[in-house]
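Student: 3D, please:
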Amino acid sequence: MSLPLIAEPNELANHLNDDDLQIIDLCRPEVYAKIHLPGAIHITPSELISGVAPAPGKLPGTDRLKLLFERIGYDPTKQIVAYDDEGGGWAGRFIWTLDIIGHERSSYLNGGLVAWMGEGLPTTAEEREIAPATKLDIEIDLSPQVSLADTLSSIDDPQTIVWDARSAEEYQGQKLAAARGGHIPGAINLDWLDTMDRDNGLRIRKDIEAQLEQLGITRDKRVITHCQTHHRSGLTYLIGKSLGYDIRAYDGSWSEWGNHPDTPIET
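Tutor: Numbers count the residues shown, from 1 in each chain. Modelled structure (predicted):
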């Protein structure tokens, strides 16, 4: 069984009973307790981040990642499909995490729970029993990640674009979520919310590539994406990956950049 990186609800529905499928739910816990896809295993977003100030969105340490993947019974041979109830931020962050550990078969349920329910597909409140993985060996590949130093050195690189997935108010420094407001010099702003089609079950907009190209975020550039904590930019990373862009995520994001005393900032 094989699914594309961006899988439509009816594509996934045809494979719900496949043995080599694992579905990961990243919805709010109270939503998962009431309704989720059959067989889905829940992950709380806090399991995907370090939680350490001033940049709580950074990748957790290897030991914590190993505990997470052991808990969910991770099998590197399975097709893993992730979804959430918000349009793809946390699901995209999880797929980025799968890329970090070198998993090769991952998909995002386009539109997540909203699109699934919009198609009238089956749901349940029953929690699946999980057999934890044992003696799991996690190998970390940091190529999908960039650091503060990497991002800083890219500012004057004409072959690199920074995609800021925050709101326009954050980008312009009008709304503060760190000690300093504004944006990385030269960064291009496209709010993650504007990549979703609210009239089509929160799926990724069909014209997203044209939208990106119009802004100058093009496939011939190296793209670094970020938000405040690499939550919203989980979706923008996923979009870039699905389009074949050379894209990486700055997981320190604005919480690191905006709280650093010496990083350059534009408003």
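
Student: so which residues of the stretch 1-150 of the chain form strands?
Tutor: 6-7, 21-25, 41-42, 79-83, 106-109, 145-146 (DSSP state E, counting those that start in this stretch).

Student: who's in contact with the first one?
Tutor: Think strand 6-7. The contact list for strand 6-7 (Cβ atoms under 8 Å, 6 or more residues apart in numbering) reads V81, S107, Y108, L109, N110, I204, L238, S242. (C-beta placed from N, C-alpha, C; glycine too.)

Student: what sits against the residue lying closest to the fourth one once chain neighbours are set aside?
Tutor: For L109, the nearest residue in space outside its immediate sequence neighbours is Y83; the separation is 3.7 Å by Cβ to Cβ, 6 or more residues apart in numbering. With Cβ under 8 Å, 6+ apart as the criterion, the residues that contact Y83 are 23-27, 37, 40, 91, 108-109, 112-113, 116.

Student: how about CSV for the residues you listed, with pLDDT and distance to L215 added?
Tutor: Output for the contacts of Y83, formatted as CSV (pLDDT from 0 to 100; distance: Cβ to Cβ, whole Å):
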residue, pLDDT, distance to L215
I23, 98, 33
I24, 98, 31
D25, 98, 32
L26, 98, 28
C27, 98, 30
L37, 98, 34
A40, 98, 35
A91, 98, 23
Y108, 98, 22
L109, 98, 26
G112, 98, 25
L113, 98, 29
W116, 98, 30
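
Student: quick one: which of those residues has the most company?
Tutor: Ranked by neighbour count (other Cβ atoms under 10 Å), these have A91 at the top, with 30 neighbours.

Student: any idea how far the closest residue to that one other than its chain neighbours lies from D63?
Tutor: Closest residue to A91 apart from its sequence neighbours, by Cβ to Cβ, 6+ apart: A82 at 4.1 Å. According to Cβ to Cβ, to the nearest Å, A82 and D63 sit 22 Å apart.

Student: compare the two (neighbour count), which wins?
Tutor: Of the pair A82 and D63, A82 is the one with more neighbours under other Cβ under 10 Å, namely 28 against 9.

Student: who's that one bridged to?
Tutor: I24, Y108 (DSSP bridges).

Student: just to revisit the earlier point, relative to D197, which of the contacts of strand 6-7 is nearest.
Tutor: Closest to D197 out of the contacts of strand 6-7 is I204 (7.2 Å), distances taken as Cβ to Cβ.

Student: partner residues bridging that closest one?
Tutor: The partner residues for I204, given DSSP bridges, come to M196.

Student: I figured L215 hits L190, correct?
Tutor: Yes - between L215 and L190 a contact is recorded at 5.9 Å, counting by Cβ atoms under 8 Å.

Student: who has more neighbours, these two?
Tutor: Neighbours per residue (other Cβ under 10 Å) separate L215 from L190, with L190 holding more: 22 against 13.

Student: pull the contacting residues for the residue nearest to R28 when sequence neighbours are not counted.
Tutor: For R28, ignoring the flanking residues on the chain, the nearest one in space by Cβ to Cβ, 6+ apart is D85 at 6.4 Å. Counting by Cβ under 8 Å, 6+ apart, D85 touches C27, R28, V31, G112, L113, V114.

Student: before we move on, what about G57?
Tutor: By Cβ under 8 Å, 6+ apart, the residues touching G57 are I49, S50, Q228, T229, H230, H231, D251, G252, S253, S255.

Student: would you reformat these as a markdown table and include pLDDT, secondary structure and distance to G173?
Tutor: Listed next are the contacts of G57 as a markdown table, based on pLDDT from 0 to 100; DSSP: H, G, I helix; E, B strand; the rest coil; distance: Cβ to Cβ, whole Å:
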| residue | pLDDT | secondary structure | distance to G173 |
| --- | --- | --- | --- |
| I49 | 98 | coil | 24 |
| S50 | 98 | coil | 26 |
| Q228 | 98 | coil | 13 |
| T229 | 98 | coil | 18 |
| H230 | 98 | coil | 20 |
| H231 | 98 | coil | 20 |
| D251 | 98 | coil | 22 |
| G252 | 98 | coil | 18 |
| S253 | 98 | helix | 16 |
| S255 | 98 | helix | 15 |
